[in-house]
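K.L.:
With the input below, show me the fold.
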Amino acid sequence: MENKDNDENEFQNAKDLAIKRASRKVCSTYDMKSYLLKKKVNPEFIPPIILRLVELGLLNDESFTKALTRTQASQGKGPFVIRQKLKNHGLTLSPEQVTELVVRETEKPILDTAKDFLRRRYPKVTQFLQYGRTAEEKKETSRAIQSLIRRGFSYALALEALEQVLHEQESEE
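P.N.:
Numbering: from 1, shown residues only. Predicted coordinates:
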């Protein structure tokens, strides 16, 4: 009898802990499971707690995915980085799904995101077509491309963004 009361009390405490966490921070079901395990909650309690949080609308992997994608894309991150961050939260999507999600959530093509980053971070690069290409200019162009790649854009998309920004700059003059 006392053991059953103890289990019920432990379950209620674990559920309260999970609700408190979910109300403070948006997280995926994987994150919640990891958090509860880290807090040494009985592993038998975790599935019913997560199920209850989903029923209450406090855990929703789809809305978490959209929010994370929107946030990362607004910070100029590309699909590869976003995909890796989703994977770190226990959410696996194909590269095509992530690309589609980024476009849908930001209502902006990925190429435009890359071009905006180039214009903001590398304004000198846009002048290189006009004045020729010195070693320093080649270095700066290479840095811009590498920076886009580190932000999760493909090499082909980085080159295309750079070319388009250069041509836009050229046509403005």
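K.L.:
next SSE after the helix or strand hosting L37?
P.N.:
Taking DSSP states H and E as the criterion, L37 maps to helix 29-38. Next along the chain after helix 29-38, taking DSSP H and E as the criterion, comes helix 46-56.
K.L.:
rounded to a whole number, what's the mean pLDDT of the helix holding L37?
P.N.:
Per-region confidence: helix 29-38 scores 90 on mean pLDDT.
K.L.:
May I see the buried residues of it?
P.N.:
By 16 or more other Cβ atoms under 10 Å, the buried positions in helix 29-38 come out as 29-33, 35-36. Just so you know, the C-beta spots here come from the backbone N, C-alpha and C atoms, and that holds for glycine as well.
K.L.:
what do you get for stretch 36-53?
P.N.:
For stretch 36-53, the neighbour count (16+ other Cβ under 10 Å) marks 36, 41, 45-46, 49-50, 53 as buried.
K.L.:
try stretch 106-121
P.N.:
Buried-residue list, stretch 106-121, by 16+ other Cβ under 10 Å: 106, 110, 113-115, 117-118.
K.L.:
What separation do you get for the closest residue to G76 other than its chain neighbours and A73?
P.N.:
Excluding its sequence neighbours, the residue lying closest to G76 (Cβ to Cβ, 6 or more residues apart in numbering) is F117, at 4.4 Å. Distance, F117 to A73, using Cβ to Cβ, to the nearest Å: 11 Å.
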